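Enquirer: Pasting the sequence and the predicted model now:
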Amino acid sequence: MLNFNKRLFTLFGTSNGFQSTGNTKATDTGARALSLSAQLEKYIEDEETQTGAMLPTESKVRNCQASLTSFAAGADQLGAHINTRLDTLLDDMQVAATIKEIDAYIGDVPPSCATIDSVAGSMGEAGDAVLNAVSTQLDDLEQAMSDFDLGVINDDEFDVILDQVTTELNTATAGILAMIASELAAIDGMYKKTRQLANAFAVEALINDPCVRPLIKKFANPDLAAVLTEDFDIEF
């Protein structure tokens, strides 16, 4: 007779049951970056409406706009990545929990949460840290724009802030893309390792089957044949 929590069963019929502030934060921060990029356009002097006013260096404004746009694209990728991770969270965690035991057994060490943490960082503190740092840079840029418009800072001082924001945003974007790639690689690696385990169990379970044993012996490559000979006393 089946025995399971009926409320959990009902819940997972309508929702995956999980959420992260990271995807919303990524969307909001990316949208804000695009908005500021558009606002920077007013500091590019049009040849037809030249005012003679001292403006920040055009190349620095353009570089900052490019970094804002690139970050927004990276933030979109992060939000989509987090949504995918949430959809497959339980599957991934089941596999990661198995890998934790495999690694401990293979290495003869106590189980570690390293694998589990490595496939969930973007949804939690790791992703938040990058987005919070970018939010601070966007605050600085917004304040600099206001200060420049009010004459609190001059064009040279504005240039310095534009360079700083550009550098920090480029670093943040690279960090986001590297974090996504690292998590995807870790997830791919742990699923491959579970297939290794499944194959190892399958050989051990089937090697004594009189129908399957001849086929395993027939098609075993030299490496598998060596293991079967040395560890299972199978004669080839």
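Expert: Everything's here; your move. Owing to the predicted nature of the structure, the values given are computational and were not obtained by experimental measurement.

Enquirer: Now tell me what touches the helix-or-strand element of the chain with minimal mean pLDDT from outside.
Expert: Lowest mean confidence among the helices and strands of the chain (mean pLDDT, DSSP states H and E): helix 114-118, at a mean of 82. Helix 114-118 has contacts (Cβ atoms under 8 Å, 6 or more residues apart in numbering) with Met93, Ala96, Ala97, Ile99, Lys100, Asp103, Ser182, Glu183, Ala186, Met190. C-beta here means a position set from N, CA and C on the backbone, and glycine is covered the same way.

Enquirer: got the CA positions of it in CSV?
Expert: Provided in CSV are the C-alpha atoms of helix 114-118 (Å, rounded to 0.1, in the frame of the first residue of the first chain):
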residue,chain,number,x,y,z
ALA,A,114,31.1,20.4,-1.4
THR,A,115,29.3,19.0,-4.4
ILE,A,116,25.9,20.0,-3.2
ASP,A,117,27.1,23.6,-2.5
SER,A,118,28.8,23.7,-5.9
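
Enquirer: circling back to that earlier point, adding neighbour count, distance to Thr69 and secondary structure as columns, could you present the contacts of helix 114-118 in CSV?
Expert: Shown next, in CSV, are the contacts of helix 114-118 (neighbours: other Cβ atoms under 10 Å; distance: Cβ to Cβ, whole Å; DSSP: H, G, I helix; E, B strand; the rest coil):
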residue, neighbour count, distance to Thr69, secondary structure
Met93, 13, 35, helix
Ala96, 22, 35, helix
Ala97, 15, 40, helix
Ile99, 22, 38, helix
Lys100, 18, 40, helix
Asp103, 16, 41, helix
Ser182, 15, 24, helix
Glu183, 22, 24, helix
Ala186, 21, 29, helix
Met190, 22, 34, helix
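
Enquirer: How about Lys217, nearest residue that isn't a chain neighbour?
Expert: Phe236 (6.2 Å; Cβ to Cβ, 6 or more residues apart in numbering).

Enquirer: Might you report the residue contacts of that neighbour?
Expert: Per Cβ under 8 Å, 6+ apart, neighbours of Phe236: Lys217, Ala220, Ala225, Leu228, Thr229.
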